[in-house]
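Engineer: The sequence isn't on hand, but the structure is:
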């Protein structure tokens, strides 16, 4: 079946990628069992098992758990026979969507923890591969291996291979990006499946990690209004219109959420700003074992937050640095980030910032990816000074940032190759003359 869906050449790589994802899932399970004693991965799994048991015991109570606002009354619906899930997971609005998505996977795996991990890994593999195929069709002439590196980045490969928010976030982000491409390049604006896929993926992102949903707003605005604004001359006028559109959408969304603050609980932007310093201060305490970094105090105002943009963004992309290595388990992430930092310097020396910006502002997909990636890196670097959480959160934006640099570098080399090939005949004529 796979060979019918994919051409032979690509299907071999697809099968290889799925095998790698499964091995990554098994490795991640081993790490979580030995290092984290199960951690949130097992909590999601156990909560799903308990909810499945509840469905068989009392389907009406199962529907209450699924449909009603989480609270002590829903937790009390579980019994000793069903198993009682951890209250900090079941009563948390940010984790409930992850549990509900895990339920069918646990059911299909016949309540197997390992089987559920493998199924989750395979699902993310399918989502990544679909996005890879879309990017491949948008950038003809680019070596497929370059685009394929999108799915082989370390944060993408490891942290999206288990029963974690990060895996489902990557599926949602991949689906959302695919639907945007289908709307713009395939004209499928009114397709019911495309619209539902877009709305469901964004809903999961918003309900799970709200700051990611905020980071996506200007990126989506830039993506859809790209062609219109690109026609504006001079260029600086187009840039101002970009900023205006982003301001209108972000401001409008922010005002709506602000006015609905009581209903939307922690999604209120005012509440988020007030909590930033509280969270950051707590995560750098000594009882976390020194596994953290500190970007300094953050004033809970718009100005105070923006002042931290450079250091927070750099931290969100390149940390942990080599001298911040605390534990052996951090070594793969430190090595990856160090190599990434060196390659970034090499990119700017060889390709240059001008070429990167030219590529980004002449292609809506690259503009979307970089806008979202930078804003998300800023948000994570600002609010997540704990290295353990930081390396996991990178999986939701680093593949997009890396893809922009890879495609820009590949286009630069392709352009230089074309120039050199066009000069060869002329040089030959001069020589023979």
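Structural biologist: That came through, no problem. Quick caveat, the model's predicted, so the values are computed rather than measured. Numbers count the residues shown, from 1 in each chain.
Engineer: got a list of contacts for stretch 47-59?
Structural biologist: Counting by Cβ atoms under 8 Å, 6 or more residues apart in numbering, stretch 47-59 makes contact with 61-62, 65-66, 77-79, 81-86, 89-90, 99, 102-103, 105-107, 111, 116, all of which sit outside it. Quick note: C-beta positions are derived from backbone N, CA and C, even for glycine.
Engineer: same question, stretch 81-93
Structural biologist: Contact with stretch 81-93 is made by 40, 43-44, 46-47, 49-51, 53-54, 57, 70-72, 74-75, 78, 95-96, 99, 207, 265-266, as judged by Cβ under 8 Å, 6+ apart.
Engineer: picking that back up, list buried residues within the contacts of stretch 47-59.
Structural biologist: Buried subset of the contacts of stretch 47-59 (neighbour count, 16 or more other Cβ atoms under 10 Å): 61-62, 65, 77-78, 82, 85-86, 89-90, 99, 102-103, 105-106, 116.
Engineer: Show me which parts of stretch 93-103 are buried, residue by residue.
Structural biologist: Buried residues in stretch 93-103, counted by 16+ other Cβ under 10 Å: 95, 96, 97, 98, 99, 101, 102, 103.
Engineer: check contacts around residue 213.
Structural biologist: By Cβ under 8 Å, 6+ apart, residue 213 lies in contact with 202, 205, 206.
Engineer: circling back: now compare the buried residues of stretch 93-103 and name the two farthest from each other.
Structural biologist: With distances taken as Cβ to Cβ, the most widely separated pair in those is 95 and 103, at 13.1 Å.
Engineer: which element follows the helix or strand that residue 380 is a member of toward the C-terminus?
Structural biologist: Assessed by DSSP states H and E, residue 380 sits inside helix 364-383. Next helix or strand after helix 364-383 toward the C-terminus (DSSP H and E): helix 387-393.
Engineer: who does that next one touch, helix- and strand-wise?
Structural biologist: With contacts defined as 3 or more Cβ pairs under 8 Å, 6 or more residues apart in numbering; DSSP states H and E, the packing partners of helix 387-393 are helix 154-159, helix 364-383.
Engineer: Which of these sits closest to residue 182?
Structural biologist: Closest to residue 182 of the helices and strands packed on helix 387-393 is helix 364-383 (Cβ to Cβ; 12.0 Å).
Engineer: Rounded mean pLDDT for the closest one, please.
Structural biologist: Taken as a whole, helix 364-383 carries a mean pLDDT of 87.
Engineer: now do stretch 161-169
Structural biologist: What stretch 161-169 shows for mean pLDDT is 87.
Engineer: so how far is that stretch off the chain centroid?
Structural biologist: Averaging C-alpha coordinates over stretch 161-169 and over its chain gives two centres that are 10 Å apart (Cα atoms, centre = their mean, to the nearest Å).
Engineer: Quick check: buried residues in stretch 199-216?
Structural biologist: 201-202, 204-216.
Engineer: Nearest to residue 144 among the buried ones among the contacts of stretch 47-59?
Structural biologist: For the buried ones among the contacts of stretch 47-59, the nearest to residue 144 is residue 105 (30.0 Å; Cβ to Cβ).
Engineer: Can you tell me the element that closest one falls in?
Structural biologist: Residue 105 is part of helix 96-108, with elements assigned from DSSP H and E.
Engineer: Residues touching that helix, excluding its own?
Structural biologist: With contacts defined as Cβ under 8 Å, 6+ apart, helix 96-108 is touched by 44-45, 47-49, 51-52, 66, 70, 85, 89-90, 112, 115-116, 119-120, 123, 163-165, 168, 204, 207-208.
Engineer: Now with 6 Å, please.
Structural biologist: Residues from elsewhere that reach helix 96-108, judged by Cβ atoms under 6 Å, 6 or more residues apart in numbering: 44, 47-49, 51-52, 70, 116, 119, 163, 165, 168, 204, 207-208.
Engineer: Report the two of those residues separated the most.
Structural biologist: Using Cβ to Cβ, the two most remote members of the contacts of helix 96-108 are 70 and 119, lying 25.0 Å apart.
Engineer: Quick one: the strands in the stretch 201-350 of the chain, in order.
Structural biologist: If DSSP state E, counting those that start in this stretch is used as the criterion, the stretch 201-350 of the chain turns out to lack strands entirely.
Engineer: mind listing the helices for it?
Structural biologist: With DSSP state H, counting those that start in this stretch, the ranges of helices along the stretch 201-350 of the chain come out as 210-224, 226-230, 235-259, 261-264, 269-283, 302-307, 309-318, 331-350.
Engineer: Give the ranges of residues in the chain that sit below the confidence cut-off.
Structural biologist: Per-residue confidence of the chain (counting by pLDDT under 70) places the weak regions at 1-11, 38, 150-152, 154-155, 228-243, 245-294, 296-302, 305, 417-433.
Engineer: From the contacts of helix 96-108, pick the one nearest residue 130.
Structural biologist: If you rank the contacts of helix 96-108 by distance to residue 130 using Cβ to Cβ, residue 168 comes first, at 15.5 Å.
Engineer: Contacts for the helix or strand that contains the closest one next, please.
Structural biologist: Here residue 168, judged by DSSP H and E, is contained in helix 165-185. Taking Cβ under 6 Å, 6+ apart as the criterion, the residues outside helix 165-185 that touch it are 98, 101, 120, 124, 127, 130-131, 134, 159-160, 188-189, 194, 197-198, 201, 204-205, 208, 223, 392, 395-396.
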